[in-house]
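**Student:** Sequence first, predicted model second:
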Amino acid sequence: MINDIDDSKAPLLDHLIELRGRLLKCVYALAITGAICFYFSEQLFAILVHPLKEAFGDGGGRLVYTKLYEAFFVQVKIAFFGAFCLSFPIIANQLWAFVAPGLYAREKKALLPFILATPFLFAMGASLAYFVVMPTAFHFFLEFQGDSSGLSVEALPSADAYLGLVMQFILAFGISFLMPVLLMLLNRAGFVTRAQLIGLRRYMIVAAFVLAAVLTPPDVVSQLMLAIPLLLLYEVTIIAIWFTDRKKVEPEDAEEVAA
């Protein structure tokens, strides 16, 4: 029914003005959180470098920078990365506030759980990368230190290269863990069914390992630690769709019985 939709019909100009206001709020959120993260960039970098420090062990280890300006831009990158993570809930909220008036109540009810699940799943993936994958991968990489043909082989990663690797791990795992949200949204929209997902399982196995090879460093350990959770999430999504399908069928059966 028409009454099911919000009474917020507005001309195009009003929508553009509202969009401008919400974009400005997103920019302000990024600027404020970026300034805060830049102020605490040394503390944030200490947190990000902790897995490498643990991998080096008691022997220490060093991070170097090979360009005079590299250390400064490392702090800038940390500020941008932290600002994106901290301001994401605000950006998502502004996006939802702009889109929601144009949705029916049942569409809002269907989308809201996915919006709430997005930061949770991203945090799960990022946590797996930080607490499990990075320490394991760094231990593996540092095992190649030692002597080779009488020459000492020592790992001397640059601060910029290390930060890039850490961001690659966190973003790869965080974004990959959003796969259940994407698949369930496609299912709700009618683009895929549970039966189709089951039929695509063999292709998903190949796709998971290809995606892991693209998103992670070229070592088997990191690739396996991304591909296996992706496959598990795929199976969990199929089970979740089965539950949602059952909930859809039960009201329909009740209506048929009543008729």
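**Tutor:** All right, it came through fine.

**Student:** Tell me how far the top helix by length along the chain lies from the chain's centre.
**Tutor:** Longest helix of the chain, by residue count under DSSP state H: helix 220-258. Here the centre of helix 220-258 is set off from its chain's centre by 20 Å, with C-alpha atoms, centre = their mean, to the nearest Å.

**Student:** Pull out the buried positions in the helix or strand harbouring Ile90.
**Tutor:** Element membership for Ile90 (DSSP states H and E) is helix 70-99. The neighbour-count criterion (16 or more other C-beta atoms under 10 Å) identifies 74-75, 77-83, 85-88, 90-91, 94 as the buried residues of helix 70-99. Every C-beta, even on glycine, is put in place using the N, C-alpha and C of the backbone.

**Student:** low pLDDT regions in the chain?
**Tutor:** Scanning the chain for pLDDT under 70 picks out 1-10, 59, 248-259.

**Student:** Now do the helices in it.
**Tutor:** 12-39, 41-56, 70-99, 105-128, 134-142, 159-176, 179-188, 194-199, 201-215, 220-258.

**Student:** in the longest helix of the chain, what's buried?
**Tutor:** Within helix 220-258, the residues that qualify as buried are 222-223, 225-227, 229-230, 233-234, 237-238, 240-241, counting by 16+ other C-beta under 10 Å.

**Student:** Among the residues you listed, pick out the one closest to Tyr104, please.
**Tutor:** Nearest to Tyr104 out of the buried residues of helix 220-258 is Ile241 (C-beta to C-beta; 21.8 Å).

**Student:** Could you check how many residues crowd around the closest residue to that closest one other than its chain neighbours?
**Tutor:** Spatial nearest neighbour of Ile241, excluding adjacent residues (C-beta to C-beta, 6 or more residues apart in numbering): Arg194 at 4.6 Å. For Arg194, the neighbour count with other C-beta atoms under 10 Å is 17.

**Student:** Nothing else from me, thank you.
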